[in-house]
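In: just need the structure, nothing else, for what follows:
(one chain, ligands or ions: 1)
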Amino acid sequence: MIERKYKVAILNYPLMNPNRKIGNIKEYFGLNQMTTSSKAVPLYIHVPFCDKICKFCIYSRQFLGDNNDLLKRYVDSVKREIKILGETDYVKSMNIGAIFFGGGTPTCLSSEQLEEIINVCRDYLPLSSNVEITVECDVKNTGMEKVHKMRELGVSRISTGAQTLNEYYRKLLGLNSSTEQVIEWIEMVNKYNFNVVSIDLMYGLPGQSISEWIDDIKMACTLPIDHFSIYELCVLTGSKLYKEYCNNIKVSFPEQEHLFNMYIETDEILKKKGYIHHIIPEYNLPDKQSSFWELTYDGYGDNLSVGASSYGFINGVNYQNVSNINQYIRMLEEGNLPVQMASAIATFSQMMERTIVLALRRKFIEKEIFFSEYGRRIEDEFGAVLKELKDTEMIIEDVDKFVLTKKGEYLQGDVSAMFMKSTFKNVSPFRKQLSIGQHIVPEALQFS
Ligand code: SF4
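Out: Numbers count the residues shown, from 1 in each chain. Below you'll find the model as predicted:
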């Protein structure tokens, strides 16, 4: 029997406090000193606009419509934020290994706007010589011309949130394009020799059977796709789908056991096709892993993040930028970094917990690396939790590492929460929510 409380992964740690007075942000983050870390850092750039709002979506984004002036001011503000960060000693001394344009829909930007942002990154940030650049694309607004331009700009990974290739479910989720258009797009971009073509797929759709999901994923495997991000649909408060659920309009959701079986089936099918499961929820062909996700879940270093509502971690501080787009623009026009809230500077034990919470996305924690970073044995620091996880068959112990079992992978959010028990015991439900990105899972749809 599988029971799961955290349907959304815990990634923002240490917990932020909306009431914390930050004061001078550069001083609070220690941006006037050089970093002491030599690890490569991922940079996330958030573009919070979409041409259509999907029914399941609660991400930070808004309908673009004819708001092109706002988009232009937003692009100027992102460039300002990158410049401000890039002029600090801390960021200057970093080595940025991967850039990820996410959203929202980054391809709401014109080719020229994408070029402007990439140029500012190249001019103001210490990018590694082989920096990986990923752009999430909407099939509908990413034609051949924009694809060609992205290739010229050095974009190496291209991805699209296909979600499903089943026409019925595409309509049910309110997706922007047809199955045929998605397939044609994948075949088109494949001709441009990107290092990686990636798609997102989603299971656990309302009323979806296991065999429908198997058909979906098998069909995707016939296409030239190097990398899959596989998500379980999580119906969150604020989505149109949740409203439909509340109004009882033809929405029913698969049982937890059924969802776990879908997870297992996915794993088997993709592995048989040669995909490697490096990171939850990523599957890639050999040599096609994403540096961005590898660096994000390294667990030992910084995660730099720009754009409205984006989350990052700099020099021991977990932070989120302001979500309101106009406020974001205003703060940058006034020359300020647009941070909305931040954690306290992580203590030694919080850094250890953060490492574990993030490393669990990579499915294992290496004993030796943990020891060399912290000078403590993970068994001594977290012995009781590790024993409980072994007893409940969520983790197994190898000679050199602790590895999640399939059950542990599926329950990764709950496993993370167990390592943070003492932290979670003493904070308000709202601050707990912040650890999963303010995503509110309606109680009626929680399984435990
Ligand atoms: S799922 Fe993606 S494309 Fe759809 S509304 Fe949300 S951010 Fe936009």
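In: quick one: check the longest strand belonging to the chain for contact with the ligand.
Out: Scanning the chain for the strand with the most residues, using DSSP state E, yields strand 127-137. No. Against the ligand, strand 127-137 shows no contacts by CB under 6 Å from any ligand atom, the least distance being 7.8 Å. In short, each C-beta sits where N, CA and C put it, glycine included.
In: given that strand, what are its sheet partners and their directions?
Out: Partners of strand 127-137 in the sheet, by DSSP bridges, are strand 95-103 (parallel), strand 157-163 (parallel).
In: then the first one to CSV, C-alphas only?
Out: The C-alpha coordinates for strand 95-103 follow below in CSV (Å, rounded to 0.1, in the frame of the first residue of the first chain):
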residue,chain,number,x,y,z
ASN,A,95,31.5,29.6,-13.0
ILE,A,96,28.1,29.4,-14.6
GLY,A,97,27.7,26.0,-16.3
ALA,A,98,24.1,26.0,-17.5
ILE,A,99,21.4,28.5,-18.4
PHE,A,100,17.7,27.5,-18.5
PHE,A,101,15.0,29.7,-19.9
GLY,A,102,11.8,28.4,-18.2
GLY,A,103,8.3,29.7,-17.6
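In: the next helix or strand after that strand: which residues count as buried?
Out: Per DSSP states H and E, the first helix or strand lying C-terminal to strand 95-103 is helix 111-124. Using 16 or more other CB atoms under 10 Å as the test for burial, helix 111-124 gives Ser111, Gln113, Leu114, Glu116, Ile117, Ile118, Val120, Cys121, Tyr124.
In: so what's the gap between helix 111-124 and the chain middle?
Out: 22 Å (CA atoms, centre = their mean, to the nearest Å).
In: any idea of the mean pLDDT for that helix?
Out: For helix 111-124, the mean pLDDT works out to 98.
In: what sits up against it?
Out: 43, 45, 71-72, 75, 78-79, 82-83, 85-87, 96, 99, 101, 106-107, 109, 127, 133, 135, 145-146, 149-150, 153-155 (CB atoms under 8 Å, 6 or more residues apart in numbering).
In: how about a cut-off of 7 Å?
Out: Helix 111-124 has contacts (CB atoms under 7 Å, 6 or more residues apart in numbering) with 45, 75, 78-79, 82-83, 86, 99, 127, 133, 145-146, 149-150, 153.
In: export that helix to PDB, keeping only CA atoms.
Out: The C-alpha trace of helix 111-124 is given here as PDB (Å, rounded to 0.1, in the frame of the first residue of the first chain):
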ATOM      1  CA  SER A 111      14.100  36.000 -31.400                       C
ATOM      2  CA  GLU A 112      15.600  39.500 -30.800                       C
ATOM      3  CA  GLN A 113      14.500  39.500 -27.200                       C
ATOM      4  CA  LEU A 114      16.000  36.100 -26.600                       C
ATOM      5  CA  GLU A 115      19.200  37.300 -28.300                       C
ATOM      6  CA  GLU A 116      19.300  40.400 -26.100                       C
ATOM      7  CA  ILE A 117      19.100  38.300 -22.900                       C
ATOM      8  CA  ILE A 118      21.600  35.800 -24.000                       C
ATOM      9  CA  ASN A 119      24.000  38.600 -25.000                       C
ATOM     10  CA  VAL A 120      23.700  40.200 -21.600                       C
ATOM     11  CA  CYS A 121      24.500  36.800 -20.000                       C
ATOM     12  CA  ARG A 122      27.600  36.500 -22.200                       C
ATOM     13  CA  ASP A 123      28.700  40.100 -21.500                       C
ATOM     14  CA  TYR A 124      28.100  40.200 -17.700                       C
END
